[in-house]
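S.K.: with the input below, show me the fold.
(one chain, ligands or ions: 2)
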Amino acid sequence: MAFLTIGLFLFAFAAVTKSKEQDNFYFDPAPMNTDVVEGEEVRLRCDVSNRKMISFYWTLNGRRLSNDSRRYQDDSDLRILRVDRDRDLGSYRCIATNVTTGISVTSTEAKLNMHLVFVCLTF
Ligand SMILES: *[C@@H]1O[C@H](CO)[C@@H](O)[C@H](O)[C@H]1NC(C)=O
Ligand SMILES: *[C@@H]1O[C@H](CO)[C@@H](O)[C@H](O)[C@H]1NC(C)=O
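M.R.: Ligands and ions are numbered 1, 2, ... in the order given. Reported below is the predicted structural model:
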């Protein structure tokens, strides 16, 4: 009898876990603050725990980024080939959307900490 109860309990638990899995994804890795040298390349990483039906985009200061030859989304990451003080500073976020359900999750912000080239050359 005790066995049966435990069995039922485990079954119910598994069912709950399974139904929660339907739309349960989290950032892994989430974008992180990153040190960069002006003029050099940087990649902000972003991915989710489960990619099924997930599409990604990035924002800078709340504005959706479009791709250009210098700064573009590479798979789910954001790649900047020559970091520019005027165009690239600010708050980046990665947004992952389940295209089936429309449910989106937004990452915490990530910033670029920019260093001038001459600062690095002195070390
Ligand atoms: C997205 O939604 C579909 C439909 O509900 C589901 O099958 C899929 O597992 C979801 N993806 C994630 C990563 O949760
Ligand atoms: C930028 O390119 C990526 C990868 O090719 C694509 O997934 C994304 O939708 C594009 N973003 C825009 C705003 O066009």
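S.K.: which SS class is the most centrally placed residue in the chain?
M.R.: Closest to where the C-alpha atoms of the chain average out (CA atoms, centre = their mean) is residue 46, at 3.0 Å. Look at residue 46: counting by DSSP: H, G, I helix; E, B strand; the rest coil, its state is coil.
S.K.: any weak-confidence spans in this protein?
M.R.: Residues of the chain meeting the criterion pLDDT under 70: 1-23, 117-123.
S.K.: which parts of it are helices?
M.R.: Applying DSSP state H to the chain gives helices spanning 2-21, 85-88, 117-121.
S.K.: nearest spatial neighbour of the residue nearest to the centre of the chain, skipping sequence neighbours?
M.R.: Once flanking residues are discounted, residue 46 sits nearest to residue 94: 3.6 Å by CB to CB, 6 or more residues apart in numbering. In this view, the C-beta of every residue, glycine as well, is placed from N, C-alpha and C.
S.K.: count of neighbours near residue 24?
M.R.: Residues within reach of residue 24, counting by other CB atoms under 10 Å, total 11.
S.K.: state the distance from residue 98 to residue 82.
M.R.: Residue 98 sits at a distance of 34 Å from residue 82 (criterion: CB to CB, to the nearest Å).
S.K.: more neighbours, these two?
M.R.: Taking other CB under 10 Å, residue 98 and residue 82 do not tie; residue 98 has more neighbours (19 against 13).
S.K.: just checking, that one touches residue 54?
M.R.: Yes - using CB atoms under 8 Å, residue 98 makes contact with residue 54 at a distance of 5.9 Å.
S.K.: overlap in contacts of those two?
M.R.: Common neighbours of residue 98 and residue 54, counting by CB atoms under 8 Å, 6 or more residues apart in numbering, are residue 25.
S.K.: please see if stretch 39-51 touches ligand 1.
M.R.: Yes - with CB under 6 Å from any ligand atom as the criterion, ligand 1 is reached by stretch 39-51 at residue 50.
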